[in-house]
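J.: Pasting the sequence and the predicted coordinates here, then a few questions.
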Amino acid sequence: MYNKYLFKSSTCKSIVFNICLRFHSESVRVRFAPSPTGNLHLGGFRTALYNYLFAKSKGGKYILRIEDTDRSRVVNGAIDQLQEDLKWLGIEFDEGPKIGGSFGPYIQSERLSNYKLAAQELLNKGYAYKCYCTEKRLDLLRRDAIRTRRIPRYDNKCRSLDAEEIEQKKNMNFVIRFKLDQDDGHFHDLVYRNVTRNVAAVEGDPVIVKSDGFPTYHLANVVDDHNMQITHVLRGVEWQPSTSKHILLYKAFGWTPPNFAHLPLLMNIDGTKLSKRQNDITISSYRHKGIYPEALLNFVVSCGGGFSDNQTKSKTRIKTLDELISNFDIRLINSNSCQVPWDKLDFFNRAQLKIELGTVHGRKKAVEQLKYTIENAFLKNEAVDLDLSESHLENILLWSVERITNINELVNENFKFIWMKPSESSLQTMNYDKELIMQLKEHLLNMDSFDVDNLGETLHKFSKSNNIIYSKFMKTLRNIISGLKQGPSVSEMMVILGKEDVIARLSRAC
Ligand code: GLU
């Protein structure tokens, strides 16, 4: 029956070649097509980013399309959250639900009439059929396949119903299935090169319209990519098996398919798959953890290739979105799955923190972020007297830049001493010579410059002249001023607290 198609599978390769030539001279249109089933996660962001980089590097258009036809999985608020997350990352669309555009609406549940027409066209042409099989029958088929150790697949029963049988079933619920052609399913993948998959050999005819009248992913995706004049489809490699199916749908409609590029899987270092359920890989969780968008961008492109300046040196430098665009080359994406180098995220975040602290605007932003973090951590339940002046916070940030990778760390146990004095009760349980602390206080009061070197020297001299063991004394002192057993050196702690605060803390202890 597929001799009715505009082209046969044997001519597929040359057609793919022509398509590539065709799109070369036309303007590139790519889309990010997420399903609003939850938070945007690292994998989804990588797809969104690579589509953006490809579109912008080709001077093309970038479209956001929401694929929400699986109504049972739609999560309220997910569409807004996703757009907010991508905006935070600097990724802007040329067309989409909020911006509009000449190919809208950009939400699939608002485009149902297009799919209805398309499904009818396939029915009319004989490329699709109504299937009346009940859930019970499908379930039996599945169980039987499992029992006999075969891969469960629909047996295409309703493909061969005759007119009389169809007439008898006309009041029953039905789905519409697409007749899968026996075809080598060949297509050229811009990342994986030649891909061949005869889907009909392994799968039953897929449902394209469900019994509730909504299209499935396959139909809606193909119809929209065609109607929205998408020239290149970049998506995760987990969608590659669907692509062979989509190619058959394009053929059935008589449409030219877009170019396809599949992006390799993101894996954990131990070889396990990153899961959507891993809450810590959602973009909003990174935002709330104090990760900079620039760090996240550089982190996500640091594995899997796709850039022309891949030398080790430039891999460790923060690149701007514009630099990423100009270095992007789709032919350089690796087809091997890529192991996410988690430690690099911290590395990039510290690098960005340094960049931020190097500019007036960046410092102001960092101070605001630190203030917000402190207020959230300490001022919610307790009335504490904190110095949140801009100059104090700025000094702390500059002091901490080699010690932290993320501003949020400044409220962790190790740095809590900066904001909170040790409690009275903890001082009472300590065993030390109060007279000695009093004397030290006088020494420190008389110091002209309160810097690390001077403090170090003063503390050494003080221990020597009082005949006390330096290391033991530092332990006591650390405990008195910070309540900590370890952390930065005592002189460093004193510098960041400042003379006034150190004297106040020593006074409390004697
Ligand atoms: N809606 C699919 C998803 O959630 C889109 C796959 C594609 O890009 O075709 O990832």
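T.: Looks like it came in fine. Residues are numbered from 1 along each chain as shown.
J.: Return the set of residues that bridge with the nearest residue to residue 306 once chain neighbours are set aside.
T.: Closest residue in space to residue 306, ignoring its immediate chain neighbours: residue 333 at 4.3 Å, by CB to CB, 6 or more residues apart in numbering. Every residue, glycine included, has its C-beta placed from N, CA and C. With DSSP bridges as the criterion, residue 333 is bridged to residue 305.
J.: Could you pull up the contacting residues of residue 333?
T.: 50, 191, 261, 263-264, 304-306 (CB atoms under 8 Å, 6 or more residues apart in numbering).
J.: The residue nearest to residue 274 when sequence neighbours are not counted and the ligand, how far apart?
T.: The shortest distance from residue 274 to any non-neighbouring residue, by CB to CB, 6+ apart, is to residue 266 (4.9 Å). Counting by CB to the nearest ligand atom, to the nearest Å, the separation of residue 266 from the ligand is 14 Å.
J.: Report pLDDT for the residue nearest to residue 306.
T.: You'll see residue 333 listed with a pLDDT of 95.
J.: One more: the one 10 residues further on?
T.: Here the pLDDT value assigned to residue 343 is 87.
J.: residues from the chain in reach of the ligand?
T.: 33-35, 67, 221, 235, 239 (CB under 6 Å from any ligand atom).
J.: remind me which residues of this protein are low pLDDT?
T.: 1-26, 275-280, 310-315, 381-384 (pLDDT under 70).
J.: Which helix runs longest in it?
T.: Ranked by residue count under DSSP state H, the longest helix found in the chain is helix 360-378.
J.: So which elements touch it?
T.: helix 342-357, helix 390-400 (3 or more CB pairs under 8 Å, 6 or more residues apart in numbering; DSSP states H and E).
J.: Let me know the angle separating the last one from helix 360-378.
T.: It refers to helix 390-400. Orientation note: helix 390-400 sits at an angle of 90 degrees relative to helix 360-378 (axes from the mean of the first three to the mean of the last three CA atoms, to 10 degrees).
J.: gap between helix 390-400 and the chain center?
T.: Chain-centre distance of helix 390-400: 31 Å, with CA atoms, centre = their mean, to the nearest Å.
J.: Show me what that helix packs onto, helices and strands only.
T.: Using 3+ CB pairs under 8 Å, 6+ apart: helix 390-400 touches helix 360-378, helix 490-497.
J.: Flag every buried residue along the last one.
T.: Pointing back at helix 490-497 there. Residues of helix 490-497 classed as buried: 490-491, 493-497 (neighbour count, 16 or more other CB atoms under 10 Å).
J.: ok so residue 133 is a helix residue?
T.: No: read with DSSP: H, G, I helix; E, B strand; the rest coil, residue 133 is coil and lies in no helix.
J.: quick revisit: give the burial count for the residue nearest to residue 274, as a bare number.
T.: Neighbour count for residue 266, taken as other CB atoms under 10 Å: 20.
J.: Surely it is in contact with residue 43?
T.: Yes: the pair residue 266 / residue 43 is scored as a contact, 5.3 Å apart, by CB atoms under 8 Å.
J.: what is in contact with the two at once?
T.: In contact with both residue 266 and residue 43: residue 274, using CB under 8 Å, 6+ apart.
J.: Excluding chain neighbours, what is closest to residue 257?
T.: residue 250 (4.1 Å).
J.: And the helix or strand encompassing the one you found, what's buried?
T.: Using DSSP states H and E, residue 250 sits in helix 240-253. Under the neighbour-count criterion of 16+ other CB under 10 Å, helix 240-253 has 240, 242-253 buried.
J.: From residue 415, how far out is residue 168?
T.: Computed with CB to CB, to the nearest Å, the distance linking residue 168 and residue 415 is 76 Å.
J.: Same check on residue 46?
T.: For residue 46, the distance to residue 415 - CB to CB - is 33 Å.
J.: try residue 437
T.: Residue 437 is 23 Å from residue 415, by CB to CB.
J.: Contacts only, for the residue nearest to residue 469 when sequence neighbours are not counted.
T.: Spatially, and ignoring its direct neighbours in sequence, residue 469 is nearest to residue 463 (7.2 Å; CB to CB, 6+ apart). Applying CB under 8 Å, 6+ apart to residue 463 gives the contacts 469-470, 473.
J.: could you flag which of those residues are buried?
T.: Buried by 16+ other CB under 10 Å: residue 473, out of the contacts of residue 463.
J.: For the residue of the stretch 51-200 of the chain found nearest the ligand, list the residues it contacts.
T.: Residue of the stretch 51-200 of the chain nearest the ligand, by CB to the nearest ligand atom: residue 67 (3.6 Å). Going by CB under 8 Å, 6+ apart, residue 67 touches 33-35, 108, 217, 220-221.
J.: From those, pick the one nearest residue 361.
T.: Closest approach between the contacts of residue 67 and residue 361, by CB to CB: residue 34, at 32.1 Å.
J.: That closest one in helix, strand or coil?
T.: Strictly by three-state DSSP, residue 34 counts as coil.
J.: wait, it sits on residue 73?
T.: No: applying CB under 8 Å, one finds residue 34 not in contact with residue 73, separated by 11.8 Å.
J.: Please identify which of the two sits among more neighbours.
T.: residue 34 (21 against 12).
J.: out of the contacts of residue 67, what pair is the most spread apart?
T.: Farthest pair in the contacts of residue 67, by CB to CB: 34 and 220, 13.3 Å.
J.: ranges for the strands of this structure?
T.: Ranges of strands in the chain, per DSSP state E, are 29-32, 61-64, 128-131, 175-178, 187-189, 193-195, 207-209, 232-236, 259-263, 266-267, 305-307, 328-333, 338-339.
J.: most tightly surrounded among these?
T.: strand 29-32 (a mean of 26; mean count of other CB atoms under 10 Å).
J.: Check the gap between residue 309 and residue 327 for me.
T.: Counting by CB to CB - residue 309 and residue 327 are separated by 5 Å.
J.: typo on my end, residue 125
T.: Going from residue 125 to residue 327 by CB to CB gives 46 Å.
J.: more neighbours, those two?
T.: Per other CB under 10 Å, whichever of residue 125 and residue 327 has more neighbours is residue 327, with 18 against 14.
J.: Which residue, other than its chain neighbours, is closest to the more buried one?
T.: Take residue 327 and drop its neighbours on the chain: the residue closest to it by CB to CB, 6+ apart is residue 307, 4.5 Å away.
J.: My guess is that neighbour contacts residue 331. True?
T.: No: counting by CB under 8 Å, residue 307 stays clear of residue 331, with 11.0 Å between them.
J.: Could you check how many residues crowd around the closest residue to the ligand within the stretch 401-510 of the chain?
T.: Relative to the ligand, the nearest point of the stretch 401-510 of the chain is residue 406 (29.5 Å; CB to the nearest ligand atom). A total of 20 residues lie near residue 406 under the criterion other CB under 10 Å.
J.: what does residue 169 give?
T.: 15.
J.: what about residue 79, how many residues close to it?
T.: Neighbour number of residue 79 under other CB under 10 Å is 19.
J.: isn't it right next to residue 66, touching?
T.: Yes: under the criterion of CB under 8 Å, residue 79 is in contact with residue 66, at a separation of 5.6 Å.
J.: distance of the residue nearest to residue 306 from residue 345?
T.: For residue 333, the distance to residue 345 - CB to CB - is 21 Å.
J.: quick one on the thing from earlier: most neighbours per residue, which of the helices and strands packed on helix 360-378?
T.: Highest mean neighbour count of the helices and strands packed on helix 360-378: helix 342-357, a mean of 18 (counted as mean count of other CB under 10 Å).
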